[in-house]
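Trainee: Requesting a structural model of the entry that follows:
(one chain, ligands or ions: 1)
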Amino acid sequence: MRQIWIPKPGPPEVLELREARDPLPAPGELRIRVEATGVNFADVMGRMGMYPDLPKLPCVPGYEVAGRIDAVGDGVGSDWVGRDVLALTRFGGYADVVCAPEARVFTRPEGMTASEGAALPVNYLTAWQLLHVMGSLHEGDTVLVHSAGGGVGIAAIQLAKRAGARVFGTASAGKHERLKALGCDACIDYTRDDFERAVRELTHGRGVELVLDAVGGRSFEKSYRCLAPTGRLGMFGLSAAATGKSRSLLRALGPALRTLRLRFAPRALMDANKGVFGVNVGHLWEEGDRVSRWMERLLTLYVEGALRPVVDAHVPFERAPEAHHRLQDRRNFGKVLLVPA
Ligand SMILES: NC(=O)c1ccc[n+]([C@@H]2O[C@H](COP(=O)([O-])OP(=O)(O)OC[C@H]3O[C@@H](n4cnc5c(N)ncnc54)[C@H](OP(=O)(O)O)[C@@H]3O)[C@@H](O)[C@H]2O)c1
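Mentor: Residues are numbered from 1 along each chain as shown. As a prediction, the model looks like this:
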């Protein structure tokens with residue numbers, strides 16, 4: 001098999017394609033011949049040496065794959081063999097052969113391509129948890145989605161529109177037309193306009209019920225101020241710390257310190273009727289049953305046509321650095337995938 005390794009922290013070019021023996025599925029596992037692997041911003045942060053969840057380097061990153069089952073371990077039904085699936089992997093997904101526990105593997109519904117399958121798990125589970133599990137989104141609410149043209153952003157737009165919410169999105173200007181076509185009610189070019197002021201204008205000073213923010217640093221403070229009474233801020237990342245393509249602790253320090261300094265004091269929250277919460281879907285690995293139920297719900301929504309992953313690019317394994325450049329250059333609209341062939 002072939003795997004893409006992060007041998008050491010550095011720019012996208014450190015990613016290295018290596019060959020290894022095909023793994024054998026352990027008891028309770030299935031083996032997947034991978035057709036597509038999802039690329040996440042966390043992989044980028046990990047490559048830069050700025051993602052504490054990643055195993056010690058060198059390692060093979062990757063949280064999600066889609067492909068076909070070709071072998072099963074002891075205790076797993078042989079009827080899995082030949083099925084088209086998608087799977088959550090806790091790392092190791094940047095490979096053309098992957099073993100995963102049965103509970104993290106899901107049969108792809110009819111019509112779902114491997115590309116859609118690999119684009120769905122992390123982005124849609126994260127958006128689901130943010131909007132519905134913790135964000136308590138209701139029909140008629142307004143939600144502000146940062147990085148709206150990214151993988152999680154597009155998933156959040158589709159799910160929020162389906163729930164009957166009004167959606168504002170922040171993104172680079174070149175993405176606005178496509179965001180509007182997806183149902184985004186207003187787009188804010190955060191590179192030119194102050195998003196806090198824009199939200200105030202759009203809501204006549206009232207603010208929004210929910211903000212999804214993975215930019216972090218100063219953005220968390222501003223997003224908090226965008227909340228209407230009873231509003232909630234969902235924090236789930238710190239992309240502002242990814243300045244440049246290699247780790248620069250100095251450059252990351254500003255956003256990190258700003259985030260550390262944030263104080264959402266109980267009294268202030270009570271008096272303002274506001275809520276804040278955090279999401280890290282990768283830390284729910286031990287809550288498998290709940291996550292599986294969310295996934296089953298998402299797969300049903302796919303069958304009903306309520307969600308459709310948007311794939312931005314298929315990047316061959318040999319050119320893996322391009323996938324990371326694309327995210328970091330803010331060129332992607334939707335999900336970037338790595339494909340073995
Ligand atoms: N906690 C969790 O469970 C969880 C799960 C998934 C993702 N996340 C977080 O959610 C965010 C989005 O993840 P994703 O995988 O869907 O990626 P993504 O949004 O597709 O990431 C790329 C996009 O992010 C925007 N962006 C904002 N700040 C950036 C920066 N400093 N450098 C480069 N791009 C930046 C750019 O779009 P524009 O500038 O055009 O808006 C870019 O196109 C990331 O912060 C990620 O860590 C968290």
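
Trainee: With adjacent residues omitted, what lies nearest to the closest residue to the ligand within the stretch 151-300 of the chain?
Mentor: Taking CB to the nearest ligand atom as the measure, the point where the stretch 151-300 of the chain comes nearest the ligand is residue 237, at 2.7 Å. For the C-beta atoms, the positions are set from N, CA and C on the backbone; glycine is no exception. Counting by CB to CB, 6 or more residues apart in numbering, residue 237 lies nearest to residue 214, which is 2.9 Å off, once chain neighbours are set aside.

Trainee: pretty sure the residue of the stretch 151-300 of the chain closest to the ligand is in a strand, no?
Mentor: No: secondary structure assignment (DSSP: H, G, I helix; E, B strand; the rest coil) places residue 237 in coil, not in a strand.

Trainee: Please report the distance of residue 107 from the ligand.
Mentor: Shown here: residue 107 relative to the ligand, a distance of 23 Å by CB to the nearest ligand atom, to the nearest Å.

Trainee: Can you report how many residues lie near the residue of the stretch 101-250 of the chain found nearest the ligand?
Mentor: In the stretch 101-250 of the chain, the residue that lies nearest the ligand is residue 150 (1.8 Å; CB to the nearest ligand atom). Residues lying near residue 150 (other CB atoms under 10 Å) number 27.

Trainee: neighbours of the residue nearest to it when sequence neighbours are not counted, just the number please.
Mentor: The shortest distance from residue 150 to any non-neighbouring residue, by CB to CB, 6+ apart, is to residue 332 (6.7 Å). Counted with other CB under 10 Å, the burial measure for residue 332 works out to 21 neighbours.

Trainee: With the ligand as the reference, measure out to residue 332.
Mentor: Between residue 332 and the ligand the computed distance is 5 Å (CB to the nearest ligand atom).

Trainee: same deal with residue 12?
Mentor: The spacing between residue 12 and the ligand, counted by CB to the nearest ligand atom, is 12 Å.

Trainee: What score does the residue of the stretch 151-300 of the chain closest to the ligand have for pLDDT?
Mentor: Per-residue confidence for residue 237 comes out at a pLDDT of 94.

Trainee: next one: residue 341
Mentor: On pLDDT, residue 341 comes in at 80.

Trainee: Kindly report the same for residue 243.
Mentor: pLDDT, residue 243: 81.

Trainee: Contact residues of the stretch 101-250 of the chain facing the ligand?
Mentor: In this structure, the stretch 101-250 of the chain approaches the ligand at residues 122-123, 126, 147, 149-153, 171-172, 175, 214-215, 236-237, 239-240, 242, judged by CB under 6 Å from any ligand atom.

Trainee: Go again with 8 Å.
Mentor: Among all residues of the stretch 101-250 of the chain, those adjacent to the ligand (criterion: CB under 8 Å from any ligand atom) are 122-123, 125-126, 129, 146-153, 155, 170-172, 174-175, 190-191, 214-216, 236-243.

Trainee: which of the residues you listed are buried?
Mentor: Neighbour counting with 16 or more other CB atoms under 10 Å marks 122-123, 125-126, 129, 146-153, 155, 170-172, 175, 190, 214-216, 236-242 as buried within those.

Trainee: now the helices for the stretch 151-300 of the chain?
Mentor: With DSSP state H, counting those that start in this stretch as the definition, the stretch 151-300 of the chain shows helices at residue ranges 151-162, 176-181, 195-202, 218-225, 249-261, 266-272, 288-303.

Trainee: For the first one, name the packing helices and strands.
Mentor: Contacts defined by 3 or more CB pairs under 8 Å, 6 or more residues apart in numbering; DSSP states H and E place helix 151-162 against helix 121-128, strand 142-145, strand 166-170, strand 208-213, strand 335-339.

Trainee: these two touch, right, the residue of the stretch 101-250 of the chain closest to the ligand and residue 40?
Mentor: No: at 9.8 Å, residue 150 does not count as touching residue 40 under the criterion of CB atoms under 8 Å.
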